[in-house]
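Asks: Would you be able to build a 3D model of this:
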Amino acid sequence: MANSLQGQLQKSGLLTAKKAKQVTKDKRKQDKMQRKGQQPVEDNLKQQLAENKAEKRSKDKSLNQQQNQKSLRKALAAQIKQLIEINAIAASGDQPFNFTDGKHIKRIYVDDEQVGRLSRGVFTIVKSADRYVIVPTPVADKIAQRDPERIIFKAEKEDNTTDADDPYAEYKIPDDLMW
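Replies: Next comes the predicted model:
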């Protein structure tokens, strides 16, 4: 006589009699509901598992986004550091140049030529970690695209156009004028 699959599983010890009765009872209940045109009610365990999977997916997605943002910030910081290191201009001189960093007045010592270039907007002062570095303005513009908070002092380039009504237009202001 051929044993059913259920009988074979019970003999091998993989299925208990109680569990076998529960399975057959659930199967009859589903068949009865389908005959009456009703949808079988999902087991609470299955529903809870589906909710847990959805919650885990959303949690994993948000963690992945945070990690991507963190790696992007690291990459931008490395790019800025490299731009500053390659294009840094040595601030050597004995003339102080004052500028503001937030609410604090800071000072960097430069020579006369660098003062002129800083005031004309050819050079820009940027912050690198805990020090201030002079870089050319085009490089500072690239840095500002990545992190605008790094730009500490940037003078606007002068317009050499003069007003027609200016009575002092023909008098040039000397570059070495110190107040």
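
Asks: how about Lys36, what does it touch?
Replies: Contacts of Lys36 were listed using CB atoms under 8 Å, 6 or more residues apart in numbering, and none were found. For the C-beta atoms, the positions are set from N, CA and C on the backbone; glycine is no exception.

Asks: just Ile105 next, same as before
Replies: So Ile105 contacts 98-99 (CB under 8 Å, 6+ apart).

Asks: The one 4 residues further on too?
Replies: For Tyr109, the contacting residues are 91-97, by CB under 8 Å, 6+ apart.

Asks: Look up which residues are beta-bridged to it.
Replies: Beta-bridge partners recorded for Tyr109 (DSSP bridges): Pro96.

Asks: Then Ile125?
Replies: Beta-bridge partners for Ile125, by DSSP bridges, are Ile134, Phe153.

Asks: buried residues in stretch 22-37?
Replies: Using 16 or more other CB atoms under 10 Å as the burial criterion, none of the residues of stretch 22-37 qualify.

Asks: Same check on stretch 84-97?
Replies: In stretch 84-97, residues buried by neighbour count (16+ other CB under 10 Å) are 84, 87-88, 91, 97.

Asks: Show me what the longest helix seen in the chain is packed up against.
Replies: Once the chain is assigned using DSSP state H, the helix that runs over the most residues is helix 44-87. Taking 3 or more CB pairs under 8 Å, 6 or more residues apart in numbering; DSSP states H and E as the contact definition, the neighbouring helices and strands of helix 44-87 are strand 123-128, strand 131-136, helix 137-146.

Asks: What angle do helix 44-87 and the first one make with each other?
Replies: Think strand 123-128. Relative orientation of strand 123-128 versus helix 44-87 (axes from the mean of the first three to the mean of the last three CA atoms, to 10 degrees): 140 degrees.

Asks: cool, the longest one as well?
Replies: Angular relation of helix 137-146 and helix 44-87 on a 0 to 180 degree scale: 170 degrees, by the same axes, to 10 degrees.

Asks: Okay, angle between helix 137-146 and strand 131-136 too, please.
Replies: With the same axes, to 10 degrees as the basis, helix 137-146 and strand 131-136 are set at 120 degrees to each other.
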